[in-house]
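Chemist: Need coordinates for the below:
(one chain, ligands or ions: 1)
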Amino acid sequence: MTSVTLDQLRLTFGQTRALDGVSLTIPSGSFVALLGPSGCGKTTLLRLIAGLERPDSGEIAIAGRRVAGRGQFTEPQDRGLGMVFQSYALWPHLTVAGNIGFGLNRLARAAREERIAEALALVGLTGLAARKPHELSGGQRQRVALARSLAARPWLLLLDEPLANLDTHLRQTMLAEFRRIHSSTGCTMIFVTHDQNEAMAVADLVGVMDRGRLEQFAPPAALFDRPASQMVARFVGNGRTLPVEVLRRSGEICEITLGGRVLRLPGVAPVGPGWLCLHSRDLAAQGAPGEGFDAEVMAARFENGFHILEIIPDLVPEAEPLDLRVDRPLAPGARIRFALTGGWVIPRAGDAALTTAARPFAAPV
Ligand SMILES: Nc1ncnc2c1ncn2[C@@H]1O[C@H](COP(=O)(O)OP(=O)(O)OP(=O)(O)O)[C@@H](O)[C@H]1O
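Modeler: Take a look at the predicted model:
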C-alpha cells in the first residue's frame, strides 16, 4: 500500500525558504489536500514527492521505500505515481485514446486498449476515444488528463490545482468525480489547492501550510473545531482571533477573561496569554438584556442566503470585526447584543506581537 512519509523536508530557492522543515505522514489510501495562501510551498511539496525537485535536507519515503534523502534519489518515472497538472498538457495531434495510451507502450496492444477503455470508463468518457482534444470541452480535457494518469494504475496520484481552469459548475462536478475515482481505485491522492472549499469538499485530511511550514494536518472539521495555531484559526473559514487571558484550565475547558469578563470555553491553552478562535457559527444574536456582549454594527452583507453583520464588541474595540448571522440586516452604527456559543482557546506564545487587526487572508476564489 502507498503511504507517504516526509521527514524534516527543507528546500531553499536563492533567498526563498520554500519549505522549512515539513514532516508529515500521509496514510495509504487517503485523500489529502494541501492548502494555504499563495507562495506557502504547496506546489514545491508536491514536486518534491513527485521527484521533480530534490530536497536540500530531509527524507521522503513512498510505500515505506526511501525515494529522497541520505544520498538517495529515485527519478520521477520510477516512483510509481501519476500526476495531473493545472494545464492538461494533452497532445493536440493525438486522439483521446492516443493521449491516454501514450505512456503505455510497454504493454501489448490488447492490454493497452483494455487499460484505455478502463480509464475512459473511470472518468465517464466512454464513447469519446476517437475525438481530438480541440473537440472536447475544458472539463472533458481535464478528464482525459486524469484518465491518462489513471491508465498507468498508480497507487499514488498527485493533483496540482487540477480544477484551476474550470468554471464553478464544472469544478463541483469534477470534485465529485475525484471522490468517486478515489473510492473506486483506492489509490492515495494528494491534491494541491488554494481554495479551502475545494479542499474541505474532497479531502479526508487537510494539510494547512504557511510560509514553508505545515501548520496543521487534520480532518476538515478539526481545522474548524480545534485549530492548532492562530494562522489556521484565521485562514480556515475566515475565522477571527481575540486576545484573552487564560486563568485556569480543566481538561479541555479554559476559564478566560475577555475584555474583563470571565468565560468558560473549550480549549487547550495553559494559564497565560491566549487566543480565542471564533467563526460566525460561534456567535448568536441575543436579545436578553444583561447577558451577552454589546457591539456596534460596522457593515452588513448578504452571503449564501444569510444576512451577515460585521460587528465590533464594545469590550474589545481593537478587534477585527466579527461576523454575526442575523435574520434581518441592520445599518452601520446600529447596536446589537450577541452571545458566544462556542470557540476554541489556544496559547498565544510566540505570536503575541500579532495584532487582532492583522490583515485577513485572501478569501477563497
Ligand atoms: N523554481 C523556483 N525558483 C525560485 N523560487 C521558487 C521556485 N519555485 C517556487 N519558488 C518560491 O518558493 C515559494 C513557494 O512556492 P510554491 O509554488 O510552492 O507555492 P504555492 O503555495 O504552490 O503557491 P501558489 O498557490 O501561488 O501556486 C514561493 O515564494 C515561490 O516564489
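Chemist: How is this structure partitioned into domains?
Modeler: Domain assignment for the chain by the TED database gives 4-225, 238-347.
Chemist: Of those domains, which is nearest the ligand?
Modeler: domain 4-225 (3.2 Å; C-beta to the nearest ligand atom). No exception for glycine: its C-beta is placed from N, CA and C like everyone else's.
Chemist: first vs last residue of that closest one, how far apart are they?
Modeler: 26 Å (C-alpha to C-alpha, to the nearest Å).
Chemist: biggest helix in this structure, by residue count?
Modeler: Identified as the longest helix of the chain according to DSSP state H is helix 168-185.
Chemist: And the contacts of whichever helix or strand comes after that helix?
Modeler: Sequence order places strand 188-193 as the next helix or strand after helix 168-185, per DSSP states H and E. With contact meaning C-beta atoms under 8 Å, 6 or more residues apart in numbering, strand 188-193 is reached by 2-4, 26-35, 42-43, 45-46, 49, 155-163, 178, 182, 198-199, 202-203.
Chemist: So which bits of whichever helix or strand comes after strand 188-193 are buried?
Modeler: Using DSSP H and E, the next helix or strand after strand 188-193 towards the C-terminus is helix 196-202. Neighbour-count burial for helix 196-202 flags 196, 198, 199, 200, 201, 202 (criterion: 16 or more other C-beta atoms under 10 Å).
Chemist: Roughly how far does the fourth one sit from residue 193?
Modeler: For residue 200, the distance to residue 193 (C-beta to C-beta, to the nearest Å) stands at 10 Å.
Chemist: Output the buried residues of helix 196-202 in TSV; the columns should cover distance to residue 76 and pLDDT.
Modeler: TSV is the format used below for the buried residues of helix 196-202 (distance: C-beta to C-beta, whole Å; pLDDT from 0 to 100):
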residue	distance to residue 76	pLDDT
196	29	91
198	25	89
199	25	90
200	29	91
201	28	88
202	24	89
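Chemist: what sits in contact with each of residue 200 and residue 193?
Modeler: residue 33.
Chemist: Show me which residues of this structure are close to the ligand?
Modeler: Counting by C-beta under 6 Å from any ligand atom, the residues of the chain close to the ligand are 13, 16, 18, 36, 38, 39, 40, 41, 42, 43, 44, 194.
Chemist: is the second one in a bridge, and if so with what?
Modeler: Put plainly, it is residue 16. residue 13 (DSSP bridges).
Chemist: low-scoring stretches of the stretch 251-365 of the chain, by residue?
Modeler: Counting by pLDDT under 70, the stretch 251-365 of the chain shows low-confidence ranges at 287-290, 350-365.
Chemist: ok so, going back, in helices, which of the contacts of strand 188-193 fall?
Modeler: 42, 43, 45, 46, 49, 178, 182, 198, 199, 202.
Chemist: Helices of this structure, residue ranges please.
Modeler: Assigned by DSSP H, the helices in the chain fall at 42-50, 96-101, 109-122, 138-151, 168-185, 196-202, 220-225, 230-235.
Chemist: Residue 311: which of those is closest?
Modeler: In terms of C-beta to C-beta, the element of the helices of the chain nearest to residue 311 is helix 230-235, at 17.2 Å.
Chemist: neighbours around residue 94, how many?
Modeler: Using other C-beta atoms under 10 Å, residue 94 has 14 other residues around it.
Chemist: residues near the closest residue to it other than its chain neighbours, how many?
Modeler: In space, and not counting its chain neighbours, residue 94 is closest to residue 102: 6.9 Å by C-beta to C-beta, 6 or more residues apart in numbering. Residue 102: 13 surrounding residues under other C-beta under 10 Å.
Chemist: picking that back up, I'd like the average pLDDT over the longest helix of the chain.
Modeler: Averaging pLDDT along helix 168-185 yields 84.
Chemist: Give me the angle between that helix and helix 138-151.
Modeler: Going by axes from the mean of the first three to the mean of the last three C-alpha atoms, to 10 degrees, helix 168-185 is angled at 20 degrees with respect to helix 138-151.
Chemist: Next, the buried residues of helix 168-185.
Modeler: Buried residues in helix 168-185, counted by 16+ other C-beta under 10 Å: 170, 171, 174, 175, 177, 178, 179, 181, 182, 185.
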